[in-house]
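Undergrad: Sharing a model that was predicted from the sequence below.
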Amino acid sequence: GALVYQYPRRTICKSGTSMRMECQAVGFQATSVAWYRQSPQKTFELIALSTVNSAIKYEQNFTQEKFPISHPNLSFSSMTVLNAYLEDRGLYLCGARDWGVQDTQYFGPGTRLLVL
Amino acid sequence: GNSVTQMQGQVTLSEEEFLFINCTYSTTGYPTLFWYVQYPGEGPQLLLKVTTANNKGSSRGFEATYDKGTTSFHLQKASVQESDSAVYYCVLGRNSNNRIFFGDGTQLVVKP
């Protein structure tokens, strides 16, 4: 089956520092990966959508300078939160889209970011 | 634009009661519609999806019918269990731009 792993599951960083999170698709080819942030109220914000062979598209209020993303192959993506502050806290989820089932995103368990 | 509306923030039921979670959507054309479920400490899991209007999707006793006439995709289950307690998201998918759109979610609490 289609599985998505994310690590770390939980991380704490000091205000102003950076942290990198990873997303790995197993059992399918992730032609596109979407990164989201889920608030404590459970709503989702799309940060960016990365599609193989296309430029990464960032949503309004999110920039490459703040959330650089790498998507080097069909099974792996990473995102860094640079210069993290309190407002960056939340659960970061990656949703990987299967090339063979193009309309479905499979999610990892998320990386919970706490900023002190 | 594309949007999904779930009116119920929380639904509380006792075991074996009937579940109904309302979902309506707004978009153009023929989207794919999904229900995802998120358990505490986990990411959203695909519960069911329907790609064709007027079809029904089902999984683990849950059902939802893609009604293009009323632009709805309500989730139902005849008899809930305590283990069904989770947050349920109605989601609209657009193949044209690889994007999906989440409703605000409905917290289901099932009491033993």
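TA: Yes, it's here.

Undergrad: Show the model's pLDDT score for A:Gln102.
TA: At A:Gln102, the model reports a pLDDT of 62.

Undergrad: A:Cys94 - how many residues pack around it?
TA: 31 (other CB atoms under 10 Å in any protein chain shown). Glycine gets a C-beta too; all of them are placed from N, C-alpha and C.

Undergrad: let me fix that: B:Asn2
TA: The number of residues packed near B:Asn2 is 15, by other CB under 10 Å.

Undergrad: Hmm, B:Phe101 and it touching each other?
TA: Yes: the pair B:Asn2 / B:Phe101 is scored as a contact, 4.8 Å apart, by CB atoms under 8 Å.

Undergrad: For chain B, what is the nearest residue in chain A?
TA: Nearest to chain B, among the residues of chain A, is A:Phe107, at 3.8 Å (CB to the nearest CB).

Undergrad: Would you enumerate the residues in contact with that residue?
TA: For A:Phe107, the contact set (CB atoms under 8 Å, 6 or more residues apart in numbering or on different chains) comprises A:4, A:93-96, B:36, B:43-45.

Undergrad: per-residue confidence for the residue nearest to B:Phe18 when sequence neighbours are not counted?
TA: Computed as CB to CB, 6 or more residues apart in numbering or on different chains, the closest residue to B:Phe18 that is not its neighbour in sequence is B:Ala78, at 6.0 Å. On the pLDDT scale, B:Ala78 is placed at 98.

Undergrad: Please give the element, helix or strand, for the most centrally placed residue in chain A.
TA: Chain A has A:Trp35 as the residue nearest its centroid, 3.3 Å off, counting by CA atoms, centre = their mean. Assessed by DSSP states H and E, A:Trp35 sits inside strand A:30-38.

Undergrad: touching chain B at all, the helix or strand following that strand?
TA: Using DSSP H and E, the helix or strand that directly follows strand A:30-38 along the chain is strand A:44-51. Yes: under the criterion of CB under 8 Å from any CB of the partner chain, chain B is reached by strand A:44-51 at A:44, A:46, A:49, A:51.

Undergrad: following the least confident helix or strand in chain A by mean pLDDT, which helix or strand shows up next?
TA: Ranking every helix and strand in chain A by mean pLDDT, DSSP states H and E puts strand A:101-107 at the bottom, with a mean of 82. Using DSSP H and E, the helix or strand that follows strand A:101-107 in sequence is strand A:111-115.

Undergrad: for A:Glu87, phi and psi?
TA: Dihedral angles of A:Glu87 (phi, psi; degrees, to the nearest 10) stand at phi -70, psi -10.

Undergrad: and the residue in chain B positioned nearest to chain A, how many neighbours?
TA: Using CB to the nearest CB, B:Gly43 is the residue of chain B that sits closest to chain A, at 3.8 Å. Using other CB under 10 Å, B:Gly43 has 20 neighbouring residues.
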